[in-house]
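Colleague: got a predicted structure here, sequence first:
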Amino acid sequence: MPELSQFADDERALIVNTPGVVLKGAVVSDGSTNALVFLKEVTAGAKVFKQAQKHENAFVKSVALALKQRGLEHDADLPVDDAAMTEALKLAGEVADLLHRKADPADADAYTAWLLHLATEVAKAVKTREGGLFSRKVAVTENERMFLDDLERALQR
């Protein structure tokens with residue numbers, strides 16, 4: 001198992017930065033501008049980050065601990081708008097390629113599964129009425145489902 005420190009600086013940055021970008025992509029994927037929805041989704045993402053600090057896979061755990069140590073200041077540059085979804089998918093594909101080339105297959109699979117889990121938990125954080133006032137609430141909107149499907153494809157390199 002390669003340690004996070006065994007990757008080059010730019011590779012390590014990609015590995016550590018991608019989860020925050022995926023979080024932002026998942027947050028904006030529903031198209032909501034409601035502050036309470038935003039807060040619930042970010043809280044769900046934070047919970048996934050915290051759980052990853054005790055992840056069964058040592059590589060995922062090391063990434064989560066690196067994120068905790070670094071904080072979120074590096075993620076502040078990316079705007080929380082539709083561009084975040086595009087950037088999340090781009091970085092997800094790049095990090096999947098990198099890890100499938102240079103990491104143990106179990107570590108690559110655990111990391112990519114963690115990214116998908118992160119986005120899914122954010123998407124499920126708020127039930128939404130998709131069809132209007134009298135429609136039933138859904139856990140994942142159609143736009144969120146499309147983002148999750150695109151993310152899954154990007155991670156399957």
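Modeller: Arrived safely.

Colleague: from here on, just use CA atoms for contacts and neighbour counts.
Modeller: Noted.

Colleague: residues in contact with the spatially most central residue of the chain?
Modeller: Centroid-nearest residue in the chain, with Cα atoms, centre = their mean: residue 22, separated by 3.2 Å. By Cα atoms under 8 Å, 6 or more residues apart in numbering, the contact list for residue 22 reads 84, 85, 88, 89, 92, 115, 118, 119.

Colleague: beyond the helix or strand where it lies, next helix or strand please.
Modeller: Here residue 22 sits within helix 9-28, counting by DSSP states H and E. Beyond helix 9-28 in the direction of the C-terminus, DSSP H and E gives the next helix or strand as helix 35-52.

Colleague: can you point out the buried residues in that next one?
Modeller: Across helix 35-52, burial judged by 16 or more other Cα atoms under 10 Å covers 37, 38, 40, 41, 42, 44, 45, 46, 48, 49, 50, 52.

Colleague: which one among those residues gets closest to residue 4?
Modeller: Within the buried residues of helix 35-52, the smallest distance to residue 4 is 15.0 Å, found for residue 52 (Cα to Cα).

Colleague: could you pull out the strands for the chain?
Modeller: 128-129, 137-138 (DSSP state E).

Colleague: lowest-confidence helix or strand of this protein?
Modeller: strand 128-129 (a mean of 62; mean pLDDT, DSSP states H and E).

Colleague: if we can go back for a sec, of the contacts of residue 22, which is the nearest to residue 13?
Modeller: Sorting the contacts of residue 22 by how near they are to residue 13, with Cα to Cα, puts residue 92 at the top with 12.8 Å.

Colleague: quick one: contacts for the closest one?
Modeller: Residues near residue 92 by Cα under 8 Å, 6+ apart: 18, 22, 151, 154, 155.

Colleague: who touches the fourth one in this structure?
Modeller: Think residue 154. Contacts of residue 154 by Cα under 8 Å, 6+ apart are 89, 90, 92, 93, 96.

Colleague: ok, 7 Å please
Modeller: Residues counted as contacts of residue 154 (Cα atoms under 7 Å, 6 or more residues apart in numbering) are 89, 92, 93.

Colleague: below-threshold pLDDT in this protein: ranges please.
Modeller: For the chain, the stretches with pLDDT under 70 are 1-2, 72-80, 128-138, 157.
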